[in-house]
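[1] got a predicted structure here, sequence first:
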Amino acid sequence: ELKVEQNPLFLSMQEGKNYTIYCNYSTTSDRLYWYRQDPGKSLESLFVLLSNGAVKQEGRLMASLDTKARLSTLHITAAVHDLSATYFCAVDNKFYFGTGTSLTVIP
Amino acid sequence: DTEVTQTPKHLVMGMTNKKSLKCEQHMGHRAMYWYKQKAKKPPELMFVYSYEKLSINESVPSRFSPECPNSSLLNLHLHALQPEDSALYLCASSPTFAGGTYEQYFGPGTRLTVT
């Protein structure tokens, strides 16, 4: 079974700072997804990455994919409080989800 | 319309009850999914329907019975559930299941409590 690990599991950061969330997966996959989930809410799709070297950006978030290293990153630039949420990556057409990263941005 | 709707929002049921969860989308998507999510855990895939046929059953106990009556509607029939089945049940849809660029759209979920 494909295993997907994220780190860190918990992240507390100050507004205005930059940070990166990492998503590692155990076997080859040609697709990777990033989602956001607010407390008590459903999931919102952020990015779909389909090829090695793919990079996508939306606002303060940028996601990249290295299929050879089986690694995706979600980079946060100049964090703001509204980005506080849990972020999940998911891999493969069976959507194996990572452990999640709970992000808190402190004013 | 990029919305997936789920009803009910909350459901409390006893272990001997039979109930159903409903999911609907009108985006013309041909793949629909059921997930189970426990508190502070990632979603776990339960079932995938592709073109109204069951494509994936992730070894889900038979007390959960999915149904896809048409391309817009997905049901999850519940019977003789256990307290450990209490969770948030999420429905999602995507244009197709395999191949292509497909993004999933999630419904708001049904929060199920089994007493």
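    The structure has been received and is ready for your questions. All figures in this text were calculated on a predicted structure; none of them were measured in a lab. Residues are numbered from 1 along each chain as shown, chains lettered A, B, ... in the order given.

[2] what's the burial count for A:I106?
    Per other Cβ atoms under 10 Å in any protein chain shown, the neighbour tally for A:I106 reads 11. No exception for glycine: its C-beta is placed from N, CA and C like everyone else's.

[3] contacting residues around it?
    Residues in contact with A:I106 (Cβ atoms under 8 Å, 6 or more residues apart in numbering or on different chains) are A:S12, A:M13, A:Q14, A:E15, A:H81.

[4] burial measure for the residue lying closest to B:G14 once chain neighbours are set aside, as a count.
    Of all residues not flanking B:G14 in the chain, B:T115 sits nearest, at 5.6 Å (Cβ to Cβ, 6 or more residues apart in numbering or on different chains). Neighbour count of B:T115, defined by other Cβ under 10 Å: 10.

[5] next one: A:N24
    16.

[6] got a list of what the spatially most central residue of chain B touches?
    Central residue of chain B (Cα atoms, centre = their mean): B:W34, 2.8 Å from the mean position. B:W34 is in contact with B:C23, B:L45, B:M46, B:F47, B:P66, B:L74, B:L76, B:Y89, B:L90, B:C91, counting by Cβ under 8 Å, 6+ apart.

[7] what do you get if the cut-off is 10 Å, keeping everything else the same?
    B:21, B:23, B:43-49, B:57-58, B:60, B:64, B:66, B:74-76, B:89-92 (Cβ atoms under 10 Å, 6 or more residues apart in numbering or on different chains).

[8] among the contacts of A:I106, name the ones in strands.
    Within these, residues falling in strands by DSSP state E are A:S12, A:M13, A:Q14.

[9] ranking those residues by neighbours, who comes first?
    Within the ones in strands among the contacts of A:I106, neighbour counts (other Cβ under 10 Å) peak at A:M13, which reaches 16 neighbours.

[10] okay, the contacts of A:I106 in a markdown table with distance to A:L103 next?
    Shown next, in a markdown table, are the contacts of A:I106 (distance: Cβ to Cβ, whole Å):
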| residue | distance to A:L103 |
| --- | --- |
| A:S12 | 8 |
| A:M13 | 7 |
| A:Q14 | 12 |
| A:E15 | 12 |
| A:H81 | 11 |
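
[11] which of these lies closest to chain B?
    Comparing the contacts of A:I106 against chain B with Cβ to the nearest Cβ places A:S12 closest, at 16.1 Å.

[12] chain neighbours aside, what residue packs nearest to the closest one?
    A:T104 (4.7 Å).

[13] number of residues surrounding the one you found?
    Counted with other Cβ under 10 Å, A:T104 comes out at 13.

[14] pLDDT wise, what is it at?
    Per-residue pLDDT puts A:T104 at 97.

[15] what number of residues lie near B:L76?
    Neighbours of B:L76 (other Cβ under 10 Å): 23.

[16] export only the CA atoms of the helix or strand harbouring it, formatted as PDB.
    Applying DSSP states H and E as the criterion places B:L76 in strand B:73-79. Taking only C-alpha atoms (Å, rounded to 0.1, in the frame of the first residue of the first chain), the coordinates of strand B:73-79 have been written out as PDB:
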ATOM      1  CA  LEU B  73     -26.600  11.000  -7.500                       C
ATOM      2  CA  LEU B  74     -24.700   8.900  -5.000                       C
ATOM      3  CA  ASN B  75     -26.200   7.200  -1.900                       C
ATOM      4  CA  LEU B  76     -24.600   5.500   1.100                       C
ATOM      5  CA  HIS B  77     -27.000   3.100   2.800                       C
ATOM      6  CA  LEU B  78     -26.200   2.400   6.500                       C
ATOM      7  CA  HIS B  79     -27.400  -0.600   8.500                       C
END
